[in-house]
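J.: need a structure here:
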Amino acid sequence: MKFTIVGPPQGKARPRFARGVVYTPPDTANYERVVGLIYKASKGKLLEGEVIVTIDAFFDIPKSAKKAEAKQGVIRPKVKPDVDNIAKIILDGLNGVAYSDDSHVVSLTVNKRYSANPRVEVEVTEIEDSV
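T.: Reported below is the predicted structural model:
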């Protein structure tokens, strides 16, 4: 199952504390919700087996970058969010939607690239039983 989240890639923000309560920042919670909704709208179903997730995060080409090299993938974004935070927000958004728990994810690949169209492309693949 492949789907795309249009707009600049976002990363998982750190939990916040207020009045002794820990909570997820609203921007993070909203983005996670959007990830799950787009997965469902793409005819995604709840997978029960082992899952492979591939995430390609496309960042806008900055004015300072050499556009041709950025488009060809010769240079890659070295900007925030970090790949681990991109992965976390996507995996948490798919939790309970694409799989019952993110412990089902047995392989994860995250790439940061440049594009004139910022977005995040996600592929979720269930490993078929070989028995």
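J.: contacts and neighbour counts: CA atoms only from here.
T.: Fine.
J.: Point out where this structure drops to low pLDDT.
T.: 65, 129-131 (pLDDT under 70).
J.: report the longest helix in this structure, please.
T.: Across the chain, the longest stretch assigned as helix under DSSP state H is helix 26-41.
J.: and the next element down the chain from that helix?
T.: Next along the chain after helix 26-41, taking DSSP states H and E as the criterion, comes strand 51-60.
J.: Spatially nearest residue to residue 57 (excluding sequence neighbours)?
T.: residue 120 (4.5 Å; Cα to Cα, 6 or more residues apart in numbering).
J.: show me what contacts the one you found?
T.: Residue 120 makes contact with 4, 5, 6, 7, 8, 9, 55, 56, 57, 58, according to Cα atoms under 8 Å, 6 or more residues apart in numbering.
J.: What separation do you get for it and residue 20?
T.: Residue 120 sits 34 Å away from residue 20, going by Cα to Cα, to the nearest Å.
J.: Remind me what the helix or strand containing residue 69 packs against, helices and strands.
T.: When secondary structure is defined using DSSP H and E, the element that contains residue 69 is helix 67-72. Using 3 or more Cα pairs under 8 Å, 6 or more residues apart in numbering; DSSP states H and E as the contact criterion, the elements in contact with helix 67-72 are strand 105-115.
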